[in-house]
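Novice: Predicted model, plus sequence, below.
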Amino acid sequence: MKLRMLTLGDYQTNCYLVSDGAGNTAVIDPGYEPQTILARLQAEHLHPCAILLTHGHFDHVGGVKALAEAAHLPVWLNEKELTLPPSLTDGPLYYTDSYGEGDTVRVGELEFSVLETPGHTPGSVCLRCSDVLFSGDTLFAGSCGRTDFPGGSEAEMKASLHRLSQLSGPLTVCPGHGPTTTLVREHVYNPYFR
């Protein structure tokens, strides 16, 4: 697996390009600047195959429709996000396919497993691919996502973080904002993770 992170837009949202050895690529959370994402894909001779969304907030989905239409990509989202108010999603959410707990999405040789982790939003998911966890706005380095927006739940966030804390293996964590971290590091330093 080859991983590239682009930090884009006013909210410094992390968009991830995750590729297999042949260049087949999943685009995770293209919140801003679809032309920048397309240019990076083209510059590195990558073949985009799908857009995977961790949740429906505007800073994670703002570039989805333009990117999907330009590259003819399927867009995967947890349908529980459809309950979010349009003010948080920048209008109707654009997606073509839905996924939920236990589902997998294949992109070339890569397989992404879906873990439902509500709390930040009702349909937040984390995506695990091999030894990497794309945590969206559920888990950050040293922190976790807010629960005070409509659709958020502190109790669900606590349950989701507890669930993530039980995952096995030396996982690298790629959050929706901020630097990458590891599950081991979060066990030691993240007060929300204990």
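Specialist: It's in.

Novice: For F193, give me the pLDDT.
Specialist: Per-residue pLDDT puts F193 at 87.

Novice: tell me the phi and psi of it?
Specialist: Main-chain torsions, F193, degrees, to the nearest 10: phi -100, psi 0.

Novice: which residues does it contact?
Specialist: By C-beta atoms under 8 Å, 6 or more residues apart in numbering, the contact list for F193 reads L139, C144, L161, L164, S165, E186, H187. C-betas here are computed from N, CA, C, even on glycine.

Novice: Could you report the neighbour count for the residue nearest to the fourth one when sequence neighbours are not counted?
Specialist: Going back to what we said before, that points to L164. The shortest distance from L164 to any non-neighbouring residue, by C-beta to C-beta, 6 or more residues apart in numbering, is to L139 (5.8 Å). Neighbours of L139 under the rule other C-beta atoms under 10 Å: 30.

Novice: which residues does L139 bridge with?
Specialist: Each beta-bridge partner of L139 is listed here: C144, as defined by DSSP bridges.

Novice: if I pick the nearest residue to V132 once chain neighbours are set aside, what's in contact with it?
Specialist: Leaving aside its sequence neighbours, V132 sits nearest to T172 (C-beta to C-beta, 6+ apart; 4.9 Å). Shown in contact with T172 (C-beta under 8 Å, 6+ apart): D131, V132, L133, T180, T181, T182.

Novice: Next, T172: phi, psi?
Specialist: Residue torsions, per degrees, to the nearest 10, at T172 are phi -80, psi 130.

Novice: Distance-wise, check it relative to E81.
Specialist: The gap separating T172 from E81 is 25 Å, by C-beta to C-beta, to the nearest Å.

Novice: Need the pLDDT of R106.
Specialist: In this model, R106 is scored at 98, pLDDT.

Novice: How about L46?
Specialist: What the model reports as pLDDT for L46 is 98.

Novice: ok so, going back, among the contacts of T172, who's most crowded?
Specialist: With neighbours taken as other C-beta under 10 Å, the top of the contacts of T172 is L133, carrying 25 neighbours.

Novice: thought that residue was touching G169?
Specialist: No: assessed by C-beta atoms under 8 Å, L133 is found out of contact with G169, at 9.3 Å.
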